[in-house]
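Colleague: what would the 3D arrangement of this be:
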Amino acid sequence: MKSKRSFMIMALCLSTLAGLAQNTQSSGQVTEESKTTFKPHWYMQVQAGAAETVGEASFKDLISPAAALSVGYKFTPLWGIRAGASGWQAKGKWAALDDSYKFNYLQGNVDATLDLSNLFCHYNPKRFFNAYMFVGVGLAGGFNNDDAVALDAAGYRMQYLWSGKKVFVAGRGGLGTNLRLSNHVSFNLEVNANVVSDKFNSKKADNADWQLNALAGFTFKFGKSGKKAKPVVAYTPEVVETVVEVQQETKPVYVPAPVEEKKEEVKPLTENIFFNINSSVIRSSEESKIANLVAFLQKNADVKVSICGYADAGTGTTAINLRLSKERALAVEKALKAKGIAADRIMVDFKGDKVQPFSTNNENRVAICITE
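Modeller: Numbers count the residues shown, from 1 in each chain. Coordinates of the predicted model:
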């Protein structure tokens, strides 16, 4: 009888261990999908199109070819810098005599670029339409001005005539878009305006000359412009219980051990109530902090709060700052009392400008509230 009972107990232990070993698994669940983050990168633009030298002639009479080659670096999803060369041909015309002339120029540019699509929408490396704007400066070098020289020699007086080579300072700005064809290639459209000296087209008009460009081309990205973060996976062990029924002569009585309830520890709360210069009036932007502090004190009836007022040392006198720090602490105390917080739960102190809790001067216009 004893040997039979011992065999049954041994069988129970072995079957239970085997069941637990076979049925304990770990399952993984993705809690956050992978996101693509921006990566700084270089790019190149090749563009060609038409230019218009603004003048007294009709629009179609002053159209000329234009081209540009640029290299840029994008630091952030919004900001980048671009340097390049542009130009080709510009035109001028004597409207009264219907005589036109042309000359060549080459302009070096440095532009600051702003990604408008990422500014108004979120960053998306797969977006098809990617608008941008830019402003910049440049140096325009004019040459081959022989037509204007010939007109001047023929009697058409050009007060700002130049010959040989001439350099002009230019200011510029424009809009463009990159239409994504692949991860590295986009079709580019751009319009820009360049303002130069009135001497650019050799004619005196008492106002600056303008060179307008409408360009199309391609943008080539070098390297990867984005990188994917790994997805967050949480692993939860899954235990399947195996129940083995064993017939026993006597049933053991299970008495659960007493469970000691652990009192939840209340973590202290700190709220920094900032004030305007020379003011102890609580700003509307700080009302949410007061509300948060009141809710915490109402939830935790045994907790008290310590309020200490400060003033910045960068402005005012010692006496004024001492008074301001006191008034700021009392203003917060008054706000808490108005919300039903008992006075015996509030401790008030003030330091003037002798103590500066923050390294930034303006942040020391504050009342710091700490629960305890």
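Colleague: contacts only, for K289.
Modeller: Neighbouring residues of K289 by Cβ atoms under 8 Å, 6 or more residues apart in numbering: E271, N272, I273. In short, each C-beta sits where N, CA and C put it, glycine included.
Colleague: ok, so of these, who is nearest N192?
Modeller: For the contacts of K289, the residue nearest N192 by Cβ to Cβ is N272; the value is 47.6 Å.
Colleague: tell me how many other residues surround that closest one.
Modeller: Neighbour count of N272, defined by other Cβ atoms under 10 Å: 15.
Colleague: number the residues from 826 up from this point.
Modeller: Will do, 826 is the new start, and the previous item becomes N1097.
Colleague: test my guess that it contacts V1191.
Modeller: Yes: N1097 sits in contact with V1191 when judged by Cβ atoms under 8 Å, with a separation of 5.4 Å.
Colleague: one step back: adding distance to D936 as columns, could you present the contacts of K1114 in JSON lines?
Modeller: Output for those, formatted as JSON lines (distance: Cβ to Cβ, whole Å):
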{"residue": "E1096", "distance to D936": "46"}
{"residue": "N1097", "distance to D936": "42"}
{"residue": "I1098", "distance to D936": "45"}
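Colleague: which one among the residues you listed gets closest to E1111?
Modeller: Taking Cβ to Cβ as the measure, E1111 lies nearest I1098 of the contacts of K1114, at 4.9 Å.
Colleague: who does that closest one bridge with?
Modeller: Assessed by DSSP bridges, I1098 has beta-bridge partners A1192.
Colleague: and what of R997?
Modeller: In this entry, R997 is beta-bridged to G961, N1019, by DSSP bridges.
Colleague: what's the neighbour count on it?
Modeller: R997 has 22 nearby residues by other Cβ under 10 Å.
Colleague: how close does it sit to V935?
Modeller: Relative to V935, R997 is positioned 10 Å away (Cβ to Cβ, to the nearest Å).
Colleague: joint contacts of those two?
Modeller: G961, V962, G963.
Colleague: ok, the contacts of K1114 vs F1043, which is closest?
Modeller: N1097 (52.3 Å).
Colleague: about what we covered before: I'd like to know which of the shared contacts of R997 and V935 are buried.
Modeller: Buried subset of the shared contacts of R997 and V935 (neighbour count, 16 or more other Cβ atoms under 10 Å): G961, G963.
Colleague: just name the closest of the shared contacts of R997 and V935 to G880, please.
Modeller: Closest approach between these and G880, by Cβ to Cβ: G963, at 20.3 Å.
Colleague: what's next to stretch 1005-1018, contact-wise?
Modeller: Applying Cβ under 8 Å, 6+ apart, the set of residues contacting stretch 1005-1018 is 870, 872, 950-955, 959, 997-1004, 1035-1047, 1049-1050.
Colleague: just the buried ones from the residues you listed?
Modeller: 870, 872, 950, 955, 959, 997, 999, 1001-1003, 1036-1040, 1042, 1044, 1046, 1050.
Colleague: what's the neighbour count on L1006?
Modeller: 12.
Colleague: roughly how far does it sit from T1044?
Modeller: In terms of Cβ to Cβ, L1006 sits 9 Å off from T1044.
Colleague: touching, I1102 and G1139? I think so.
Modeller: No: at 9.4 Å, I1102 does not count as touching G1139 under the criterion of Cβ under 8 Å.
Colleague: tell me, what's touching the two both at once?
Modeller: Common neighbours of I1102 and G1139 (Cβ under 8 Å, 6+ apart) are N1187.
Colleague: picking up where we left off before, please flag which of the buried ones among the contacts of stretch 1005-1018 sit within strands.
Modeller: 870, 872, 955, 959, 997, 999, 1001-1003, 1036-1040, 1042, 1044, 1046 (DSSP state E).
Colleague: number of residues surrounding G917?
Modeller: Neighbours around G917, by other Cβ under 10 Å: 25.
Colleague: buried sites along the helix or strand it falls within?
Modeller: In the assignment (DSSP states H and E), G917 maps to strand 904-919. By neighbour count with 16+ other Cβ under 10 Å, strand 904-919 contains the buried residues G905, R907, G909, S911, G912, W913, Q914, A915, K916, G917, K918, W919.
Colleague: bridging residues for the third one?
Modeller: For G909, the beta-bridge partners are S895, N934 (DSSP bridges).
Colleague: for it, what are its contacts?
Modeller: By Cβ under 8 Å, 6+ apart, G909 lies in contact with Q870, A893, L894, S895, V896, G897, G933, N934, D936.
Colleague: report the separation between it and K899.
Modeller: 15 Å.
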